[in-house]
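Q: for reference, the sequence and a predicted model appear below.
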Amino acid sequence: MFNLIGKVVVVTGASSGLGADAALAYAKYGADVALLARRIEKLNGVKTQIEKIGRKAIAVGCDVTDEESVKTAIQTVLDTFGHIDILLNNAGVAVRVGVDSMSVEEWDRSFDTNVKGVFLASKYIVPQMKERGYGKIVNIASVNAVIADKNDMFIRHSYNSSKAAVIGLTKGMAASYAKYGITVNAIGPALFESEMTGDTLFKSDEFLMRYNAQNPSGRSGNKGELNGTVLYLSSDASSYVQGQFIIVDGGGALV
């Protein structure tokens, strides 16, 4: 049920971190992968790793906040592979500031990447999924869509609200597209070390001490621990799972 042989996957934000990890996991389970991000050099590195696994991959420069860039990138994928079965909307940013000192530009940056990016990629992929009567869309939200940051050192109001918007968009799309054989679900990761967190959260001993003390698992997520949920929602193992938000956080949201 987790077999992805013959499937074509688009991963946004695939140049590093959770996106690159997921892209490699897709390839290991048999899928060919289209890697989308702005940094083509890093994408090429992930592409090489996928090709070593024995799967096909293309690296496509794409800014998910720009409609023409997304439209062109998706057309490149379709011209290369002929169809798209799975979309992982992973591209995201976290702006560390509260509303009392946040600029409009900082607010817009969060929503343009975290919400508009999901909208645009979906806009240009959903039509061919509807035509084929099949599709799997997985949106990466965050546990912080429903659990607020309580450490003032890392307050992120625009991140919290934009990721909550991803959940709302997920549910709306799921309700509309289920009849076309398309499932749409979201994942809420907690703290995983990545490019986004490596030079901020993971450099603060105080933050990690507090985080680990409050999490029943006593730790943050390890590399690869999100992949099982990604693969589940991307495969036919979740064929009757629709509009759900699955939190992957070691139990942190329970406290």
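A: Cool, got the structure.

Q: check what pLDDT the nearest residue to Gly224 once chain neighbours are set aside gets.
A: Closest residue to Gly224 apart from its sequence neighbours, by C-beta to C-beta, 6 or more residues apart in numbering: Asp21 at 6.0 Å. C-beta coordinates here come from the backbone N, C-alpha and C atoms, glycine included. What the model reports as pLDDT for Asp21 is 96.

Q: end to end on stretch 8-19, go ahead and measure it.
A: 15 Å (C-alpha to C-alpha, to the nearest Å).

Q: and what of stretch 87-107?
A: Using C-alpha to C-alpha, the two ends of stretch 87-107 sit 26 Å apart.

Q: so which residues of this protein form strands?
A: Under the criterion DSSP state E, strands of the chain are mapped to 8-12, 32-37, 57-61, 86-89, 135-140, 182-189, 245-248.

Q: who touches stretch 231-238?
A: 1-4, 9, 25-26, 29, 86, 88, 136, 138, 183, 185, 187, 241, 246 (C-beta atoms under 8 Å, 6 or more residues apart in numbering).

Q: one more time with 10 Å
A: 1-4, 7, 9, 22, 25-26, 28-29, 31, 85-88, 134, 136-139, 183-187, 227, 229, 241, 244, 246 (C-beta atoms under 10 Å, 6 or more residues apart in numbering).

Q: what about the closest residue to Tyr180 other than its chain neighbours, neighbour count?
A: Excluding its sequence neighbours, the residue lying closest to Tyr180 (C-beta to C-beta, 6+ apart) is Lys130, at 4.5 Å. Neighbour count of Lys130, defined by other C-beta atoms under 10 Å: 15.

Q: kindly report the same for Met1.
A: If we define neighbours as other C-beta under 10 Å, then Met1 has 8 of them.

Q: excluding covalently adjacent residues, which one is nearest to it?
A: Per C-beta to C-beta, 6+ apart, closest to Met1 is Ala237, 4.0 Å.

Q: what's the answer for Val77, then?
A: Nearest one to Val77, counting by C-beta to C-beta, 6+ apart, is Ala34 at 4.3 Å.

Q: ok, the one you found touching Val46?
A: No: applying C-beta atoms under 10 Å, one finds Ala34 not in contact with Val46, separated by 11.1 Å.

Q: shared neighbours, those two?
A: With C-beta under 10 Å, 6+ apart as the test, Ala34 and Val46 both reach 11, 14, 23, 57, 59.

Q: surely Ser152 touches Gly98?
A: Quick fix: residue 152 reads Asp, not Ser. Yes: Asp152 is within contact range of Gly98, at 8.4 Å (criterion: C-beta under 10 Å).

Q: the two: who's more crowded?
A: Between Asp152 and Gly98, counting by other C-beta under 10 Å, Gly98 is the more crowded of the two (12 against 7).

Q: and that one, what's its pLDDT?
A: 92.

Q: cool, and Met1?
A: 88.

Q: and what of Met153?
A: Value listed for Met153 in the pLDDT field: 68.

Q: returning to that earlier point: quick one, what contacts the residue nearest to Tyr180?
A: Per C-beta under 10 Å, 6+ apart, neighbours of Lys130: 177, 179-182.
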